[in-house]
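**Student:** Structure for this input, please:
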Amino acid sequence: MPSEQVDFAVIGGGPAGAAAALTLRRHAPQKRVVLLEAGRHEKPKPGEILPAVAQGLLRQLDVWTPFTAEAFVRSRAVVSAWGDEAPDERHSMFSAQGAGWQLDRARFDRLLVQSARAAGTEVRIGSAVRSAVREDRAWRLGLADGEIVAGAVIWATGRNWRLARSFGAKLRVHSHLVAYTRFFDRAPGDCRMVVEARPEGWWYSADLPDQCRVVSCLTDPDLGGELRQSKHWYRALAATRFIAPLVPPDARETARLVKAAGTATVDQAAGERWVAAGDTLFTADPLSSRGIVHALRSGILAAYVASDMIDGRDELARRRYAMIAAQGFADYVPALAARYAAAARWDTAFWNRRRPQLESRAANHAVSSTSYVQDRSQA
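**Tutor:** Predicted coordinates for the structure are as follows:
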């Protein structure tokens, strides 16, 4: 089987992988970087909300100009019926950071990958990594049509942790949540994202480019099984007060997805000549709105860590990266718990599971994360 040598291999062409490839090309332009994406960015994807804080990261990656040319929907406001039935509207004009965006995620991901290619990354679409084997101070990656031997690997395959065993990493699932999502066209909006807490969980909707719309119900997997069926999903939608009116009678459903949306991390964040990034490193509850910003930021950091590994600073790079990852998780847990606690006003399974455990779970996670940081610092 033919094999080739590269300095860096980025596995995964989502925001984290593309950000890593772009950063590597700028930081180490003499090095050879290959990005391997198993899919083709053709299907609808969840994760459409991009907060305004992402602007600085897009500028840092030198993709701000092509991003603005895409004319994604500017998010005018967030409407939330959360702590009670009265909707609260936060307009972006009162935000110091300005308005965010409501994306076509597949288009956004393609833009980033195309920018990475233009920057000199060798991009291989539809190229899944089937195996990863440690070989001296490199990794031999098995593909359908050959092998790649990489000096360092950035692992950014989203919620797909199939390579965890190869890297010696362990997946830690902290909570279970499922998003039952449907996409529509002929469903224009007024550039607002709407969030509504309901007895069965919570819903959100946002209008997307080209008069499209996403509508999603998030609940626990054992509570939402019926939502896979259209009649139950639409019946639950009809019971919402603020989401249902956003889907006009002539709207056409174009796609549906059922995806895990709970919190998970990998232990460890980086190992011998490999580093995890994006959702592979830390996948957050969508309620936190961390998804794409975290992916871009961790992809950039992972690129510097991988570069340090090649330059012989493996241990220091891994330790610092692990501390940053652990701190991010420690900050996230109590904030998410407080957000759920604010809406725990129903005597239903979804909310009862969270209500009595909110404080103790947050404390346990904080202790666990602190210990993790201390262990890493003393390693």
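
**Student:** Specify the local secondary structure of residue 257.
**Tutor:** Following DSSP: H, G, I helix; E, B strand; the rest coil, the label given to residue 257 is strand.

**Student:** For beta bridges, what are the partners of it?
**Tutor:** Judged by DSSP bridges, the bridge partners of residue 257 are residue 181.

**Student:** That one: neighbouring residues, count only.
**Tutor:** 15 (other Cβ atoms under 10 Å). No exception for glycine: its C-beta is placed from N, CA and C like everyone else's.

**Student:** Correct me if wrong: it contacts residue 44.
**Tutor:** Yes - counting by Cβ atoms under 8 Å, residue 44 is a contact partner of residue 257 at 6.9 Å.

**Student:** How about the most centrally placed residue in the chain: what's its closest non-neighbour residue?
**Tutor:** Taking Cα atoms, centre = their mean, the centroid of the chain lies closest to residue 291, which sits 3.7 Å from it. Distance criterion Cβ to Cβ, 6 or more residues apart in numbering; nearest residue to residue 291, sequence neighbours excluded, is residue 47 at 4.8 Å.

**Student:** Please report how far the one you found lies from residue 179.
**Tutor:** Counting by Cβ to Cβ, to the nearest Å, the gap from residue 47 to residue 179 is 10 Å.

**Student:** Which neighbours do the two have in common?
**Tutor:** With contacts defined as Cβ atoms under 8 Å, 6 or more residues apart in numbering, the residues shared by residue 47 and residue 179 are residue 286.

**Student:** remind me which residues of the stretch 51-200 of the chain are low pLDDT?
**Tutor:** 96 (pLDDT under 70).

**Student:** May I have the beta-bridge partners of residue 140?
**Tutor:** residue 133, residue 149.

**Student:** Kindly tell me how buried it is, as a neighbour count.
**Tutor:** Around residue 140 there are 15 other residues, counting by other Cβ under 10 Å.

**Student:** Tell me who's in contact with it.
**Tutor:** When contacts are counted by Cβ under 8 Å, 6+ apart, residue 140 touches 3, 131, 132, 133, 134, 147, 148, 149.

**Student:** what's the closest of those to residue 87?
**Tutor:** Distance to residue 87 across the contacts of residue 140 (Cβ to Cβ) is lowest for residue 132, with 48.1 Å.

**Student:** Once you drop chain neighbours, what's closest to the closest one?
**Tutor:** Spatial nearest neighbour of residue 132, chain neighbours left out: residue 166 (4.0 Å); criterion: Cβ to Cβ, 6+ apart.

**Student:** How many neighbouring residues does the one you found have?
**Tutor:** Counted with other Cβ under 10 Å, residues neighbouring residue 166 total 18.

**Student:** hmm, back to that, tell me which two in the contacts of residue 140 are the farthest apart.
**Tutor:** 3 and 134 (15.0 Å).

**Student:** what's the following helix or strand after the helix or strand hosting residue 304?
**Tutor:** Using DSSP states H and E, the element containing residue 304 is helix 291-310. Downstream of helix 291-310, the first helix or strand assigned by DSSP H and E is helix 314-341.

**Student:** avg pLDDT for the next helix or strand after that next one?
**Tutor:** Per DSSP H and E, helix 314-341 leads on to helix 349-354 as the next helix or strand towards the C-terminus. For helix 349-354, the mean per-residue pLDDT is 91.

**Student:** Could you give the separation of helix 349-354 from the chain centroid?
**Tutor:** 25 Å (Cα atoms, centre = their mean, to the nearest Å).

**Student:** sec struct for the residue nearest to residue 242 when sequence neighbours are not counted, please.
**Tutor:** Take residue 242 and drop its neighbours on the chain: the residue closest to it by Cβ to Cβ, 6+ apart is residue 196, 4.9 Å away. Counting by three-state DSSP, the backbone at residue 196 sits in strand.

**Student:** Quick check: bridge partners of residue 196?
**Tutor:** The partner list for residue 196 in beta bridges (DSSP bridges) reads residue 81, residue 203.

**Student:** Same question for residue 74.
**Tutor:** Beta-bridge pairing of residue 74, defined through DSSP bridges, involves residue 101.

**Student:** So it is in contact with residue 101, correct?
**Tutor:** Yes - counting by Cβ under 8 Å, residue 74 touches residue 101, with 6.2 Å between them.

**Student:** ok, these two, which is more surrounded?
**Tutor:** More crowded of residue 74 and residue 101, by other Cβ under 10 Å: residue 101, with 24 against 13.

**Student:** still on that earlier bit, identify the contacts common to residue 257 and residue 44.
**Tutor:** residue 183.

**Student:** So what touches stretch 20-28?
**Tutor:** Applying Cβ under 8 Å, 6+ apart, the external contacts of stretch 20-28 come out as 7-8, 10, 31, 33, 35, 61-63, 112, 115-116, 119-121, 123, 154, 156, 277, 299-300, 302-304, 306-307, 310.

**Student:** Would you write out the PyMOL command that picks the buried residues out of those residues?
**Tutor:** Restricted to buried positions by 16 or more other Cβ atoms under 10 Å, the PyMOL selection for the contacts of stretch 20-28 reads:
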select buried, resi 7+8+10+31+33+35+61+63+112+115+116+119+121+123+154+156+277+299+300+302+303+304+306+307+310
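
**Student:** Okay, and which of the contacts of stretch 20-28 map to strands?
**Tutor:** If you go by DSSP state E, those have 7, 8, 10, 33, 35, 123, 154 in strands.
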